[in-house]
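Peer 1: My questions concern the predicted model and sequence given below.
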Amino acid sequence: MAAEARARRLALRPGLALPALAFLLMLGAIIAAEPRVASYFGLTVLLGFAMPAIFAALAQMAVIAAGDIDLGIGPFLSLVNCIAATWLTDRPAAGLAALAGLVALYAAMGALIHARALPAIVVTLGASFVWLGLAILVLPTPGGAAPAWLAAVAAWRPPLLPLPLLVGLLAGAAAEWLLMRGAYGVVLRGIGGNPRAVARGGWSLLRARMSLYAAAGLAGVLGGLALTGLDTSGDATVGGQYTLVSIAAVIVGGGEFTGGVVSPAGAVLGAFIMLLTGSLLSFLDVSTDWQLSAQGGILILVLAARALRRRGRA
Amino acid sequence: MNPQPAEAFARLEGVAKSFGAVRALAGVDLAVPPGRMLGLVGHNGAGKSTLMQILAGALAPDRGSIRIAGRDETRGWDVRRAHGLGVRCVFQELSLCPNLTVAENARIMHPALSGWGWRRRARALMRAALDALFPGHGIDPDRQVGSLPVGQRQMVETARAFSETDTAVRLVILDEPTSSLDAAAAANLLAYTERARARGIACVFISHRLHEILGHADEVVVLRDGQVASASPAAGLSEAALVERMGEVRGEEEPGATAATSRSGARRLSRPARASLGERFGIDVRAGEVVGLSGLAGHGQREFLLAAFAAAGHGGRAAHGEGAVAVHGSAAHVSGDRQNDGIFPLWSIGRNTTIGLIRRLARAGILPLRAEAALAARWREALSIRAPDIETPILSLSGGNQQKVLVARAFATEADLILFDDPLRGVDVGTKRELYHHVRAAAAAGRAFLWYTTENAELVHCDRVYVFARGVVTDQIPRAELTEERVIRASFATPADLSRHGG
Amino acid sequence: MMRWAERRPWVWSFLAAGLVWALTSASVGGQGAFASLAVALEFATFAVIVGLGQMLVITAGPGNIDLSIPGVMTLAAYLATGLAKGTDGGLAAGLAAGLAVGLAAGLFNLLLIQGLAIPPMVGTLAAGFIFQSMAIAYSRHSHAKPAPALVGFVNAHLLGLPLVTLVFVGVSALVAQMLRRTVFGRSLLAIGQNRRAARLAGLAVGATVGLVYVLAGLCSALAGILLAANSGGAALNMGSDYLLSSIAVVVLGGTAIAGGQAVPAGLWGAAALLDLIVTMLNVLHVGAGLRYVVTGLIIIAVLALARGRAP
């Protein structure tokens, strides 16, 4: 009875099976082309750069849960990367304070969008230039060095599971627990579904939106740190691609742009899928020039399939 | 018979509220004693929902005081405070998050549902509440609300309002709680309110179904134009008496001069009766006729108007098959929901008037601005829209004059058939009377009108009335036979009733 | 004065641009003030061209936005220069190919938005990345210089002002008239204010919005082609700044971000303002980083203030 109820609850989660299947299929295809990947070391290398994508996707998911979209998350990762490769190494206290300040800025951005009823798309696009500019100010030319501890963490080889899979599991579980299981997470998702109903429950919509944006900022900082650990240096333009990747990951993972329908586990799977898209192309001998096409194309295909299914049902 | 207890649980005094130029409430007094049910009736726009939103803390009054359990709560009265004192409200438009489960929606209302195991407690809470109100409901607390049919959603919201965690429920406001429930569920709910009253819980009950009010309320308050028209014990009241107090019979409105146009004009719209739905009446509108649509709100009248508009060549393909609407000639649509379906808020009166006919005015896609302005000025004159000139921004006009602009827009298109979607909702009496006159004149000149109204008093201006219930036409009433009772009876008819009484 | 300005929302951007210009000129003792204005206007022209397209899209109402601009610009620029092969003989073929990219991009966006019901911001974003990667792939084979005739055109001056600028001032005026007195323009403004009411008034909503996206694609392509001619050839990052500036000139120029009101004249004031700010920061020897920060902050601030005035 209880097991049956639990199974039903899991099955009710919007389309988690589909991204999981897609991830396994893609992984299978790559292993078929290159069997050496199917090892602890092979998976670590193959999936390494999924870590920043996972955090970027979770950040994007928090913003999409509020019914908004974040066009600045990519440059934000760059900014964190530049701060981590300079201040965090030279003056750790100042670096940490700066990163905490960035999270606060994200929350403030959420507050501004809510209080003035601004279109998030334009505000975050404007913010993307602020992040990019600050990144250039912090580190005008690529360089710097990651703090030793950060590089060590990124190079850590945990027992059993390769690091990227472990990070995906932990980050996904934490986000699931906070947003999907937690009591306040329900309120946060509620504002994407029916803000008036949440307000009539006596909750502050401003506080809820600020919480989601702060969570996005925090995930963005973690993503930037992961990027720094992997690259071991800083570059003000390195994060640009993560804007599209993060949006696509959320959608491929079963999220919707409206209505507060999101899935943290799906977003993590989506991040892996978007990363593997690039790998799959190179294994298939397709020029990486087409990587953007492939990522944009997958996003369009998933959305188109959903639109057609909706139409079929109607 | 029912002596008023000395201390009401909730007492509103002199409550007033305006939205822009529209006065929704003009000083209302209301007392809700514990353990009693107050029935609240009135026409659309009488101020019922506004009053209840104020009582529930969702809306702040402009003036007046709110006393709860003997204490003045006017300052700082909001939803959270109301919940803390046990005041709950089931709003007319459902207040559930469709992306959350039934149990998660309980969490939205109960701050106490948090910490370890809150999910288990929320699930148990909702299951118990649903079991108590609607035995055999068959709703899984883990189902997403968006995947439930609307009737079950209403059950969930109602059950949630009666559920208790850390604060006791003292007053529950039910705004049209039975509108999407089937008969069995509605009966369950009403029976439960009797038990709740026995436990000292007060209820405010709003419904268009007057027999439900009369059958269950202890006291009935009638609202009319934002004021209390009457307040008296339910016992001894009849539906007819209530209808009269709601302001149904307006002696000054003599039936129109369109009389007996005889159904000889060119056919403008037709829809055959749909036998498979048990429908016995087709719909037929001819040039020169004013045809009314009635029935409870949300029973398919609006959809029918939109289908007719689509069939006239606007807004895409018209449906085929049984019950397809056929429209001969052009059609124009006027909505009573000015904000959402009518006005272009950034524009002047002139541009708002002519937008419907720009394609006919234009030569090779270019608009002759001077001719356009002359036309707009003519229509402003014709409908006596009170504004200095056609350059006046539409938002600076009163609601009634804004509505006149929308009617002018429809008339200016010279459409053969004009579709009215309750256009005079919330419009002042003077403007209404002017517009009735214009409708009659336009019909006499050969136009056809299909007029959905939620105010039964307006039906006297129609040559013929079709009553809708659950999307089906349940009666066709010529003006000579039009009575309030017949309209109400047809509004609650089901296809089964039709076949029983049919023939 | 305030009421007069309220009816002319473009005034503010011109005032601000004039102020920045005066400040900059004063700080260098008035030297080369007019030359710097002419240069600013020349660069402003490209932002105005993409801004015209973006303005029409945004005017179509909430949710409408074109994020494919950089991709379309880049692809159109590469194809146009690639097919022209640096000769005037190939110019016609190059122009045709470049504009065909714009047309195809508009139609593709339209397919995503109206055919597949994908939200415009995501549909155009994804489409833009596809165009961008096509440009990347194409750039491997082509490093042509722009056709000399086109280079001559974009560098020509009349009365001390760039010829392109004058041409597109004319185009802006035409767009303003189109919005005022054509069925298409009037329908677009109505749809942007209230889509449901527009449908119930019998307007051709789908066709009007569709045309807007096609026009936006053409504007992006044209801007890309002219920009490539202006800067000696196409480059893969040539469009990246124009996504934000296309939206910035619309917002700063007084066009309603919620739709239904378009102010073509304001695009010029706003574009000049943005370029003059860059000039000023350059004069003050401020680096690229601060320029980006200032640009981003100005857009957010103006958006927040403008929203406050609107009802």
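Peer 2: Alright, I've got the coordinates.

Peer 1: going forward, measure contacts and count neighbours with C-alpha atoms only.
Peer 2: Fine.

Peer 1: which helices and strands does the helix or strand that contains C:Ala272 pack with?
Peer 2: Assigned by DSSP states H and E, C:Ala272 falls within helix C:264-283. If you count contacts as 3 or more CA pairs under 8 Å, 6 or more residues apart in numbering or on different chains; DSSP states H and E, helix C:264-283 packs onto helix C:11-27, helix C:33-59, helix C:163-181, helix C:240-252, helix C:288-309.

Peer 1: who wins for proximity to chain A among those helices?
Peer 2: Chain A lies closest to helix C:288-309 among the helices and strands packed on helix C:264-283, at 3.8 Å (CA to the nearest CA).

Peer 1: Can you give the distance from that closest one to the centre of its chain?
Peer 2: When distances are taken as CA atoms, centre = their mean, to the nearest Å, helix C:288-309 is centred 18 Å away from the chain's centroid.

Peer 1: residues of it that come out buried?
Peer 2: Residues of helix C:288-309 classed as buried: C:288-300, C:303-304, C:306-307 (neighbour count, 16 or more other CA atoms under 10 Å in any protein chain shown).

Peer 1: Give the full set of residues in contact with A:Leu227.
Peer 2: Listed by CA atoms under 8 Å, 6 or more residues apart in numbering or on different chains, the contact partners of A:Leu227 are A:49, A:51-52, A:77, A:81.

Peer 1: ugh, typo on my part, it should be C:Gly106
Peer 2: So C:Gly106 contacts C:213-218 (CA under 8 Å, 6+ apart).

Peer 1: Also C:Leu112?
Peer 2: By CA under 8 Å, 6+ apart, the residues touching C:Leu112 are A:300, A:304, C:118, C:120, C:123.

Peer 1: was I right about the last one contacting C:Ile113?
Peer 2: Okay, so that is C:Gly123. Yes: with contact defined as CA atoms under 8 Å, C:Gly123 reaches C:Ile113; the gap is 6.5 Å.

Peer 1: When those two are compared, which one has more neighbours?
Peer 2: Per other CA atoms under 10 Å in any protein chain shown, whichever of C:Gly123 and C:Ile113 has more neighbours is C:Gly123, with 28 against 21.

Peer 1: Quick check: residues of chain A near chain C?
Peer 2: Contact residues, chain A versus chain C (CA under 8 Å from any CA of the partner chain): A:112, A:116-118, A:122-123, A:125-137, A:140, A:244, A:289-297, A:299-300, A:303-304, A:307-308.

Peer 1: In PyMOL, how would I select the buried members of those residues?
Peer 2: Buried residues within the residues of chain A next to chain C, by 16+ other CA under 10 Å, are selected in PyMOL with:
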select buried, chain A and resi 112+118+122+123+125+126+127+128+129+130+131+132+133+134+135+136+137+140+244+289+290+291+292+293+294+295+296+297+299+300+303+304+307
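
Peer 1: Narrow the residues of chain A next to chain C to those in helices?
Peer 2: A:112, A:122-123, A:125-137, A:244, A:291-297, A:299-300, A:303-304, A:307-308 (DSSP state H).

Peer 1: Within reach of chain B, which of those residues are there?
Peer 2: Counting by CA under 8 Å from any CA, no member of those is near chain B.

Peer 1: Quick test: name the residue nearest the centre of chain A.
Peer 2: Taking CA atoms, centre = their mean, the centroid of chain A lies closest to A:Ala57, which sits 1.5 Å from it.

Peer 1: Excluding residues flanking it in the chain, which one is nearest that one?
Peer 2: A:Ser246 (4.1 Å; CA to CA, 6 or more residues apart in numbering or on different chains).

Peer 1: I figured that neighbour hits A:Gln60, correct?
Peer 2: Yes: under the criterion of CA under 8 Å, A:Ser246 makes contact with A:Gln60 at 6.0 Å.

Peer 1: Between these two, tell me which one has more neighbours.
Peer 2: Between A:Ser246 and A:Gln60, counting by other CA under 10 Å, A:Gln60 is the more crowded of the two (34 against 30).

Peer 1: Next one: that one relative to A:Ala50, how far apart?
Peer 2: Applying CA to CA, to the nearest Å, the value for A:Gln60 to A:Ala50 is 15 Å.

Peer 1: if I pick C:Leu273, what's in contact with it?
Peer 2: Neighbouring residues of C:Leu273 by CA under 8 Å, 6+ apart: C:13-14, C:16-18, C:20.

Peer 1: which of these come close to chain B?
Peer 2: Filtered for proximity to chain B (CA under 8 Å from any CA), the contacts of C:Leu273 leave an empty set.

Peer 1: Out of those residues, grab the one that's most surrounded.
Peer 2: For these, neighbours tallied by other CA under 10 Å; top is C:Ser13, 25 neighbours.

Peer 1: Just list the residues touching that residue, thanks.
Peer 2: Contacts for C:Ser13 (CA under 8 Å, 6+ apart) come out as C:252-254, C:266, C:269-270, C:273.

Peer 1: just these now: which is nearest A:Gly239?
Peer 2: Nearest to A:Gly239 among the contacts of C:Ser13: C:Leu252, at 27.8 Å, using CA to CA.

Peer 1: measure C:Gly239 to chain B for me?
Peer 2: Noted for C:Gly239: a distance of 34 Å to chain B, by CA to the nearest CA, to the nearest Å.

Peer 1: Pretty sure C:Ala105 sits against C:Val72.
Peer 2: Yes: using CA under 8 Å, C:Ala105 makes contact with C:Val72 at a distance of 6.8 Å.

Peer 1: one step back: what would the helices and strands packed on helix C:264-283 look like in CSV with mean pLDDT and distance to B:Gly300?
Peer 2: Conversion of the helices and strands packed on helix C:264-283 to CSV gives the following (pLDDT from 0 to 100; distance: least, CA to CA, whole Å):
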stretch, mean pLDDT, distance to B:Gly300
helix C:11-27, 84, 50
helix C:33-59, 90, 34
helix C:163-181, 94, 38
helix C:240-252, 88, 42
helix C:288-309, 81, 38
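
Peer 1: Which one of those lies nearest to B:Ser65?
Peer 2: Here helix C:288-309 is closest among these (CA to CA), at 31.8 Å.

Peer 1: now check the closest one, is it near chain B?
Peer 2: No: Helix C:288-309 stays clear of chain B (CA under 8 Å from any CA), getting no nearer than 13.7 Å.

Peer 1: so what's the nearest residue to A:Gly234 once chain neighbours are set aside up against?
Peer 2: The shortest distance from A:Gly234 to any non-neighbouring residue, by CA to CA, 6+ apart, is to A:Cys82 (4.7 Å). Shown in contact with A:Cys82 (CA under 8 Å, 6+ apart): A:135, A:138-139, A:144, A:233-236.

Peer 1: Distance to A:Ala214 for the residues you listed - can I get that in JSON lines?
Peer 2: Putting the contacts of A:Cys82 into JSON lines (distance: CA to CA, whole Å) gives the following:
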{"residue": "A:Ala135", "distance to A:Ala214": "20"}
{"residue": "A:Val138", "distance to A:Ala214": "22"}
{"residue": "A:Leu139", "distance to A:Ala214": "25"}
{"residue": "A:Gly144", "distance to A:Ala214": "27"}
{"residue": "A:Ser233", "distance to A:Ala214": "26"}
{"residue": "A:Gly234", "distance to A:Ala214": "24"}
{"residue": "A:Asp235", "distance to A:Ala214": "24"}
{"residue": "A:Ala236", "distance to A:Ala214": "22"}
